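K.L.:
Structure for this input, please:
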Amino acid sequence: MKKIIIGLVFLLSVTLSYAQNSLQKASPESVGMSSERLERLDEQMHEFVDNGQLSAVHSAIIRKGKLVHWDTYGHEDVDSADQLKDNTIWRIYSMTKPIVSVAAMMLYEQGHFQLNDPLHKYIPEMKDLNVHVGGGKVEKAKRSIRIVDIFRHTSGIGYGWSGGYVDSLYAGTDRRSMETIEGLVKGLSKLPLYSEPGDHWRYGLSTDVLGYLVEVLSGQPLDEYLQEHIFTPLMMTDTHFEIPDSKDDRFITNYTTDRETGKLKVIDAPSFSPYCKEVTFFSGGGGLASTAEDYLRFCQMLIRGGELEGERLLSPKTIELMTQDHSAHSAHHGGPVVMPTNGTGFGLGFAVTKNLADTNLTGSLGSYGWGGAAGTYFRIDPEEDLILLFMIQLMPYNQLKAQEKFHTMVYQSIVD
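P.N.:
Modelled structure (predicted):
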């Protein structure tokens, strides 16, 4: 009975929610997918919730421009048993990076910079940087960071996650207390790079620096620029750095797994979340919260070559450039996110599949996407005309392999 009621709510909510943006709901069979096989996906994802491993899961699939799957299951908050909503707001963390990369490429199209320009041409503090050469010794870097480096994470800037000498210096700077991304960039300019710019791939604060570059070039704070040039044109009405008071009741609680009990433990909730207080630090690398519907609209713009419902953000050729592997000559250089490896490279804001067999996942060459620190995940597959989106809130999440299961269960549903 519960599943029937949820299904009726789903049909009503899809009709209301998606009427405004002309996204058509269709049967899976009409676009070469199997309803029966998609039920397997729901069963697998619901099991995580029923077993107490996740509080909630929201999954969505668009194929050939049609919404063929939309499933919400679980609770926004386990203790209060608030039911998950179609418009629940999720912390998307690093899924902010593709949005900020698009913002920067819009300025690129307007002639504000070239990818090979030195970063210090626009941000003088990033000139004459030092680089760690081993054993706690630093020297002047031989090369400057280029703008392409902060798109593809080859800048030599990291996150301070690995426990080495440079990590200890990162740990010694209280980045979270900084009020602006300008302050972050000035702080980073005083730290040594992990490696020479362009030599290695290391996941880090590069996209936060890119967000500051957007501010410098546009003359607008990052939140205002994103609102005016991306969120408003795409009707992404629920994507924010700071959750408005009127939307607190739709903001989901974030969890971790208690090591002793194995049960979910609250680490961030609307009642005390930084997202629900005044935000002045607009992290281009991980600061946004959003809904499934909003992020689907962003993905639709990408798969349609930069345009959605008459609003063009980018040229198809720019999207093509962004979704190529720009990391082919940059080996991994530490940190917990290992790339380029296992058939996956990195473009200008996205991971890109370059060797399907090496990924050990179903999919297509040229598919691209990224994820967030609380387990959110999206993938765009131009060959299959497919968008898949997965929302959870758990840190860490890798132990469940939920993203991999979701990914597999989507592709096993394609039958044409």
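K.L.:
quick one: low-confidence ranges for the stretch 101-250 of the chain?
P.N.:
174-177 (pLDDT under 70).
K.L.:
Please, where are all the strands along it?
P.N.:
With strands called from DSSP state E, counting those that start in this stretch, the stretch 101-250 of the chain shows them at 130-134, 137-140, 200-201.
K.L.:
Just the CA atoms of the longest one, as PDB, please.
P.N.:
In other words, strand 130-134. Once non-C-alpha atoms are left out, strand 130-134 reads as follows in PDB (Å, rounded to 0.1, in the frame of the first residue of the first chain):
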ATOM      1  CA  ASN A 130      56.800  28.300  -4.300                       C
ATOM      2  CA  VAL A 131      56.700  24.500  -4.900                       C
ATOM      3  CA  HIS A 132      57.600  21.700  -2.500                       C
ATOM      4  CA  VAL A 133      60.500  19.600  -3.900                       C
ATOM      5  CA  GLY A 134      60.600  17.000  -1.200                       C
END
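K.L.:
So for it, what gets flagged as buried?
P.N.:
131-132 (16 or more other C-beta atoms under 10 Å). C-betas here are computed from N, CA, C, even on glycine.
K.L.:
What of the second one?
P.N.:
If you call a residue buried by 16+ other C-beta under 10 Å, then strand 137-140 has these buried ones: V138.
K.L.:
Then stretch 392-408?
P.N.:
392-395, 397, 400, 402-403, 405-408.
K.L.:
Show me how the chain divides into domains.
P.N.:
Using automatic domain parsing, the domain parsing of the chain gives 2-88+239-411, 102-218.
K.L.:
List just the one of those that sits closest to Q227.
P.N.:
Across the domains of the chain, Q227 has its closest neighbour in domain 2-88+239-411 (8.7 Å, C-beta to C-beta).
K.L.:
Nearest the geometric middle of this structure, what residue?
P.N.:
Nearest residue to the geometric centre of the chain (C-alpha atoms, centre = their mean): M95, 1.1 Å.
K.L.:
Of all the strands of the stretch 101-250 of the chain, which one comes closest to D86?
P.N.:
When the strands of the stretch 101-250 of the chain are compared by C-beta to C-beta, strand 200-201 sits nearest D86, at 37.3 Å.
K.L.:
same for the closest one, what does it pack against?
P.N.:
Applying 3 or more C-beta pairs under 8 Å, 6 or more residues apart in numbering; DSSP states H and E, one finds that strand 200-201 makes contact with strand 331-332.
K.L.:
in a helix, that's where R297 is, yeah?
P.N.:
Yes: per DSSP: H, G, I helix; E, B strand; the rest coil, R297 lies within a helix segment.
K.L.:
That one contacts T232, correct?
P.N.:
No: taking contacts as C-beta atoms under 8 Å, R297 lies outside contact range of T232: 11.6 Å.
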